[in-house]
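Novice: Sequence first, then the predicted structure:
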2 protein chains.
Amino acid sequence: MSDVAARAGVSHQTVSRVLNNPDQVRLDTRERVQQAIDELGYRRNGAARALATARSRTIGILTIGNAHFGPSSTVNSVESAARSRGYFVSVSSLESSGESAAHRALAQLVDQGVDGIIVVAPLMDVAQVVERAAPSVPVVVAAANPNAEPTKMVRYVCVDQRAGARLAVEYLIRLGHRKIAHVSGLDSWIDASERLAEFRNVANENDIEALEFPADGWAAADGYAVGLQRAEQIRSEQGPTAIFAANDYIAQGLLRAFWECGIRVPQDISVIGFDDVESSEYFIPSISTVRQPFDLLGQAAMEALTSVQLGDAPTGGRFEAVLEPELIVRGSCAPAPSTQS
Amino acid sequence: MSDVAARAGVSHQTVSRVLNNPDQVRLDTRERVQQAIDELGYRRNGAARALATARSRTIGILTIGNAHFGPSSTVNSVESAARSRGYFVSVSSLESSGESAAHRALAQLVDQGVDGIIVVAPLMDVAQVVERAAPSVPVVVAAANPNAEPTKMVRYVCVDQRAGARLAVEYLIRLGHRKIAHVSGLDSWIDASERLAEFRNVANENDIEALEFPADGWAAADGYAVGLQRAEQIRSEQGPTAIFAANDYIAQGLLRAFWECGIRVPQDISVIGFDDVESSEYFIPSISTVRQPFDLLGQAAMEALTSVQLGDAPTGGRFEAVLEPELIVRGSCAPAPSTQS
DNA sequence: TGACGCCGCTCCCGCAAAGCT
DNA sequence: CAGCTTTGCGGGAGCGGCGTC
């Protein structure tokens, strides 16, 4: 910087001013300085700036790796929202589950000196770690945490999981299904337990027989295993006529298992998924599902983070933003057999 | 830090030594200092450290967003490899295509003061930008760039795309197919053009009739469009009996289109994909494909970056590491009809 | 507009005490 | 015991900007 100053024949803080408050410098000197900067290819040193201003211009993202569709989509949108606001983005993926890993990752981010953190890991224990950590930097948790309790430093945004589950189940009910199974995801996931809870609610409200087929994970393989295991039951008269799968991959596994077992979808059983992953539309049959607005979620998270940084009080609600999912009707659901007859 | 020093009754220098070179300070003082650190909850300031050492302990990842399976898997593995080596990871996604965007993103990372950059964007123009930028920090490009020319600062690692294409096409040939189409991906992608080039080679070597059906992208929708458009041709006697799709999503779209058109896979036509995405195994029929070792690629990239930082000379080859893909045989390919008769 | 101090840390050097020949 | 190295620790400068006077 002093090189630039020397070349432009001014002092180094004039250079600094040109960079930070251009209007405080007379036009001609400003241009002279700018020219010197260009000629020397001068670039400000981020570390020095961070040290002097106590702001790193970096936000941290705490996530669970990109193996999962929802979190990975959200990270993407957070990243672009952050960068468009001039922030660098530092990503930290949870290597393993468990509170200690979450705690370490959080501490790592704080140590790095991030100006804020967005948590894209809809896991109950991660949310708890954040709550209890009482972090010194603003944190926004992107998850439909039922225990969300905004504080000075931590806020919440989410896609309304319950509304999504309701969309799916009520759609099935409208099709005449009276016996519906839910293949639930990992119960350590907030999303999974929210969807399950609302599945129960809606079934209850409508006097629907509700079956629960828990899966061992979110992957197609897990849905496949459940499908094989429940095939017998589904073929029987007492079996469910529709299934609400906790996500699309599970639905895909289910479809595959049913196909192998000679159970036709949607004639013998209807299946609806969640998330609208790319391949669902092209599956055979194409999979009806509930789409979550992950792009908006990232933006909302970034906005919420900014408002915390500005010292704004919580908006009053438990969430700074609640986004609505959308029902996508395709070919994997049909009217219940009994209605047809 | 001076607080800690005061509390432990030592100088700030000793505290620094405890943190950096513990063995240079006597056990009892070291413990005293450590205790003071714990009691005060002291954490080193990263920005100050970066300023003083001229090392940010951060590596940058330049990628194209996580919409694509390969890059996103690679980013994941790079991230974990980097963090296990004690690096923070700053991610910058290309918002748009084009050299200027790539240039900006690269500059942004450099400005931030990263210690190295790993490029996970297998695009020709991105690779060119990196080459021409003659960056001041070590860069590793994870792409099978045919023009790879390792320099002092930039190195290459890759999965052997040509070997992968060969695996797929020779498998089809072994099944007796003599007329094979390749649905190629975006030709701005290095991977796509490498696979296409090798498809031509292998076809040529084996006296195979090679058809090329370019797709407008990597998505299932693109494969679907091609499938619809080529259905007529495929049904005819002169049509290909097998298709090598540039990736699994395209293969999925193809399968869907064929299903809609009453073309049976694999009876009427064989289809093989590339990448082995999660849903491929559960598709109907399950999709034969070529798996790329993305996890190893990330590690290899990180290793290469470390070796550049250490000032090691290039290994001699054009790539620091060339990883081998693997053929995954499933249900979407069958012997050619002519062989069966 | 310019001069000065400071952000928090690391590195270079210097000094003292202890151990060696 | 002189003269040396080794070990353990402290003082001060400076990294490259920013803020106040």
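Specialist: Perfect, I can see it now.

Novice: which stretches of the stretch 1-150 of chain A form helices?
Specialist: A:2-8, A:12-20, A:27-40, A:46-53, A:69-84, A:99-112, A:124-133 (DSSP state H, counting those that start in this stretch).

Novice: now the last one, how far from the chain's geometric center?
Specialist: Relative to the centre of its chain, helix A:124-133 is centred 16 Å away, using C-alpha atoms, centre = their mean, to the nearest Å.

Novice: any chance of the helices of the stretch 1-150 of chain A in a markdown table, plus mean pLDDT, distance to residue A:158 and mean neighbour count?
Specialist: In this view, the C-beta of every residue, glycine as well, is placed from N, C-alpha and C. Output for the helices of the stretch 1-150 of chain A, formatted as a markdown table (pLDDT from 0 to 100; distance: least, C-beta to C-beta, whole Å; neighbours: other C-beta atoms under 10 Å in any protein chain shown):
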| stretch | mean pLDDT | distance to residue A:158 | mean neighbour count |
| --- | --- | --- | --- |
| helix A:2-8 | 88 | 47 | 17 |
| helix A:12-20 | 89 | 37 | 18 |
| helix A:27-40 | 91 | 44 | 15 |
| helix A:46-53 | 94 | 31 | 18 |
| helix A:69-84 | 94 | 10 | 23 |
| helix A:99-112 | 94 | 18 | 18 |
| helix A:124-133 | 94 | 11 | 19 |
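
Novice: Put together JSON lines for these, with distance to DNA strand D on each row.
Specialist: Formatted as JSON lines, those follow (distance: least, C-beta to the nearest atom of the strand, whole Å):
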{"stretch": "helix A:2-8", "distance to DNA strand D": "7"}
{"stretch": "helix A:12-20", "distance to DNA strand D": "3"}
{"stretch": "helix A:27-40", "distance to DNA strand D": "10"}
{"stretch": "helix A:46-53", "distance to DNA strand D": "3"}
{"stretch": "helix A:69-84", "distance to DNA strand D": "19"}
{"stretch": "helix A:99-112", "distance to DNA strand D": "17"}
{"stretch": "helix A:124-133", "distance to DNA strand D": "28"}
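
Novice: Spell out which residues of chain A are next to DNA strand D.
Specialist: A:1, A:12-13, A:16, A:19-20, A:42-45, A:48-49, A:51-53 (C-beta under 7 Å from any atom of the strand).

Novice: give me the subset of those touching chain B.
Specialist: A:43-45, A:48, A:51 (C-beta under 8 Å from any C-beta of the partner chain).

Novice: Quick check: residue A:97 vs residue B:74, distance?
Specialist: Per C-beta to C-beta, to the nearest Å, residue A:97 is found 23 Å from residue B:74.

Novice: still on that earlier bit, tell me which of the helices of the stretch 1-150 of chain A sits nearest to residue B:317.
Specialist: Counting by C-beta to C-beta, residue B:317 lies closest to helix A:69-84 out of the helices of the stretch 1-150 of chain A; the figure is 33.3 Å.

Novice: Okay, angle between that closest one and helix B:99-112 too, please.
Specialist: Following axes from the mean of the first three to the mean of the last three C-alpha atoms, to 10 degrees, one obtains 80 degrees for the angle between helix A:69-84 and helix B:99-112.

Novice: Format the CA atom coordinates belonging to helix A:69-84 as PDB.
Specialist: C-alpha atoms of helix A:69-84 as PDB (Å, rounded to 0.1, in the frame of the first residue of the first chain):
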ATOM      1  CA  PHE A  69     -30.200 -33.400  -1.600                       C
ATOM      2  CA  GLY A  70     -31.800 -30.800   0.700                       C
ATOM      3  CA  PRO A  71     -28.800 -29.600   2.600                       C
ATOM      4  CA  SER A  72     -26.700 -29.600  -0.400                       C
ATOM      5  CA  SER A  73     -29.100 -27.500  -2.400                       C
ATOM      6  CA  THR A  74     -29.500 -25.100   0.500                       C
ATOM      7  CA  VAL A  75     -25.700 -24.700   0.900                       C
ATOM      8  CA  ASN A  76     -25.600 -23.800  -2.700                       C
ATOM      9  CA  SER A  77     -28.200 -21.100  -2.400                       C
ATOM     10  CA  VAL A  78     -26.600 -19.800   0.800                       C
ATOM     11  CA  GLU A  79     -23.300 -19.600  -0.900                       C
ATOM     12  CA  SER A  80     -24.600 -17.600  -3.800                       C
ATOM     13  CA  ALA A  81     -26.600 -15.300  -1.500                       C
ATOM     14  CA  ALA A  82     -23.500 -14.700   0.600                       C
ATOM     15  CA  ARG A  83     -21.200 -14.000  -2.200                       C
ATOM     16  CA  SER A  84     -23.600 -11.600  -3.800                       C
END
